[in-house]
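just to be clear, the model below is a prediction. Sequence and coordinates:
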Amino acid sequence: MKAFADLYSELDGTTSSKAKLAALARYFGSAAPADAAWAAYFLAGGKPRQIVPVAALRALAQRAASLPEWLFEESYQAVGDLAETIALLLPDADHVDTAGLAEWVEQRVLPLRDLARGQPPEVLMDALDALWRPLDARGRLVLFKLITGSFRVGVSKPLVTRALGEVAGIDPKRVAERLVGYTDIKAAPTPERFLALIAPESEDGAMQSRGGQPYPFFLAHPLQAPVDAFDAVLGGPAGWQVEWKWDGIRAQLVRREGQTWLWSRGEELITDRFPELAEVAQRLPDGTVLDGEIIVWIDGRVQPFALLQQRIGRKTVGARLLREAPAILMAYDLLEWQGQDWRARPQAERRAQLARVIADHIHPALELSPLVEADDWPHFARLRDTSRALGVEGFMLKAADAAYGAGRTRDVGIWWKWKVDPYTVDAVLVYAQRGHGRRASLYTDFTFAVWNAPPGTPDRALVPFAKAYSGLTDAEMRAVDAIVRRTTVEQFGPVRSVTPTQVFELGFEGIARSGRHKSGIAVRFPRMLRWRTDKPVEDADTLDTLEAMLPAAPARDAA
């Protein structure tokens, strides 16, 4: 544990990618495979589900540091991170435990979940109290980062793969392939799995058995050039495959050795949540991997993302939800066929074979993403303007001769995402909360509202509908923070209500009705586009503005 805590401190203390790479390589080059397995898991983004209730951790810190609740809360708001707050408040250790990371995670941290569920609170508190005492400040910080699921240290997965590739003496791209699915907690990190990550390539270059492992997802770059520059940037449309950009969940459907796996882009195994797609795979021959988008599809039309969202958080799906939100895989690429890796083949060849596969294995939950045809880029631009009416986000442009890469790379081909402009609305800042990390001392997380009626209406009021914390410069954030402090009306713990004086233009990608919000509306990915210092609060938009943006209600089966 000490070695991993020292690595965390070293990574957290520098912004140099070169220094981080060197630190990672030193750690993985010297750590025991069992410890390295868990280190790779956490550094690559793995997060076990919540281990201990947050209330128990707060109570632990208050008891051990002899603090009243109000002082702990003030400390937390000043620091901005729960794990760091607890680590700073606890007394120094009497001695430092020398056990490795694997022993700490497997024998001490993960068993806390059973104590939290099946034992009296006092038993859990005693176990937590004994847990932190043999750790120094660095170890305590990492311990509580792991327990709270907030382990982040400014290391990207590509940097981890480069370090592992350097230690193993193999191409980092090969490590990246092996690392896909590694952070799924259903298969806990083991020494054997770690050694497989860094194993040398077979001498004959034969494709090793992948089991249920997907391939790294190829990601698109945003296309932001004006349409009249497309010919100069892209050439003519003839060299491009143009498809609609579907608003769903990116996924790979894997069929090998008589088994099926459905993976999300976030490397989460979601097969059980989409039984209709598992049924699709049963019709596919072994050695087939499809890349596509999971969407809700009713009467030949994609439905709003909000309907799909009802299924995302559920591990089991009942008959009613299956009927009301039927999912399909809108397939747009073939990554493996007859057990052979097809990613290096041209996009056009993969597309042609994908069309044949789908035609030969017809299933109502499997569709081929249609190609869009047009004479020139201005014609495509006019078609793109119809995206919202069709329930899509714009176009995907894929070079016909491009291979399928790994991640957002340009070295083997290119995909562009040509999205429609976001929805926008002018909204009023009504609540503010302190940020986290380097923003812990500033009010940077804001709640915005619109008017519930036009100007001049009796009892006109502001109705909150969205929260946003990104889009402003650091200087603007500091300026808004000063206004929040100056115009605070009331304080509710970490949240302040403010006098409505500031208007912001918000952008968001989607909008839907929601019974969980007072406004009756929920938006996706809201962010601040600009600070409307030129606009008075009275001229901000209304609920009617948002209502007009709502998509048509999805069709419903009369049964």
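Now that the structure is in, tell me what you want to look at. Numbering: from 1, shown residues only.

need the three-state assignment for L506.
strand (DSSP: H, G, I helix; E, B strand; the rest coil).

from now on call the first residue 650
In the new numbering, first residue 650, that becomes L1155.

tell me the contacts of it?
By CB atoms under 8 Å, 6 or more residues apart in numbering, the contact list for L1155 reads 1073-1076, 1097, 1115, 1117, 1172, 1175-1178. (Glycine included, C-beta is placed from N, CA and C.)

looking at strand pairing, list the partners for it.
Partner residues in beta bridges with L1155, using DSSP bridges, are V1074, M1177.

need the pLDDT of D853.
Listed pLDDT for D853 reads 46.

one more: P740?
Reported pLDDT at P740 in the predicted model: 84.

G662: neighbouring residues, count only.
A total of 11 residues lie near G662 under the criterion other CB atoms under 10 Å.

apologies, that question was intended for P717.
Neighbours of P717 under the rule other CB under 10 Å: 9.

do you know how far the closest residue to it other than its chain neighbours is from P740?
In this structure, P717 finds its nearest non-sequential neighbour in Q711, 7.3 Å apart by CB to CB, 6 or more residues apart in numbering. Distance of Q711 to P740, computed by CB to CB, to the nearest Å: 13 Å.

so what's the closest residue to L1078 other than its chain neighbours up against?
Residue nearest to L1078 in three dimensions, not counting chain neighbours: Q1151, with 4.5 Å by CB to CB, 6+ apart. For Q1151, the contacting residues are 1077-1078, 1129, 1132, 1180, 1182, 1186, by CB under 8 Å, 6+ apart.

ok, now R811?
By CB under 8 Å, 6+ apart, the contact set of R811 is 670, 821.

wait, a helix at it?
Yes - judged by three-state DSSP, R811 forms part of a helix.

what about it, distance to R922?
Distance, R811 to R922, using CB to CB: 33 Å.

again, but for D730
D730 is 31 Å from R922, where distance means CB to CB.

helix or strand right after the helix or strand containing L978?
Assigned by DSSP states H and E, L978 belongs to strand 976-986. Next along the chain after strand 976-986, taking DSSP H and E as the criterion, comes strand 989-990.

what average pLDDT does that following strand get?
In this model, strand 989-990 has a mean pLDDT of 94.

which elements pack onto it?
In terms of contacts (3 or more CB pairs under 8 Å, 6 or more residues apart in numbering; DSSP states H and E), strand 989-990 is packed against no helix or strand at all.

need the contact list for V703.
Neighbouring residues of V703 by CB under 8 Å, 6+ apart: 731, 797.

go on, the one 4 residues further on?
R707 is in contact with 718, 721, 731, counting by CB under 8 Å, 6+ apart.

please name every helix or strand in contact with the host helix or strand of V1112.
Assigned by DSSP H and E, V1112 falls within strand 1111-1117. Strand 1111-1117 is packed against strand 1072-1083, strand 1092-1100, strand 1152-1157, strand 1170-1173, helix 1192-1198, with contacts defined by 3+ CB pairs under 8 Å, 6+ apart.

next structured bit after that strand?
Next in sequence after strand 1111-1117, counting helices and strands by DSSP H and E, comes helix 1123-1136.

for the nearest residue to V1144 once chain neighbours are set aside, give me the pLDDT.
Counting by CB to CB, 6+ apart, V1144 lies nearest to Q1082, which is 4.9 Å off, once chain neighbours are set aside. Per-residue pLDDT puts Q1082 at 92.

before we move on, the earlier item: which of the helices and strands packed on strand 1111-1117 sits closest to R972?
For R972, the closest of the helices and strands packed on strand 1111-1117 is strand 1170-1173, at 23.0 Å, according to CB to CB.

could you list the domains of the chain?
Here the domain parsing of the chain from automatic domain parsing is 651-797, 870-1068, 1072-1198.

any idea which of those gets closest to R823?
Of the domains of the chain, nearest to R823 by CB to CB is domain 870-1068, at 9.9 Å.

and that closest one, end to end?
11 Å (CA to CA, to the nearest Å).

tabulate the contacts of L1155 (CSV), appending distance to A955.
Shown next, in CSV, are these (distance: CB to CB, whole Å):
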residue, distance to A955
T1073, 19
V1074, 17
D1075, 23
A1076, 20
F1097, 19
A1115, 14
A1117, 18
V1172, 10
P1175, 14
R1176, 19
M1177, 22
L1178, 22
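
which of these lies closest to L777?
A1117 (35.3 Å).
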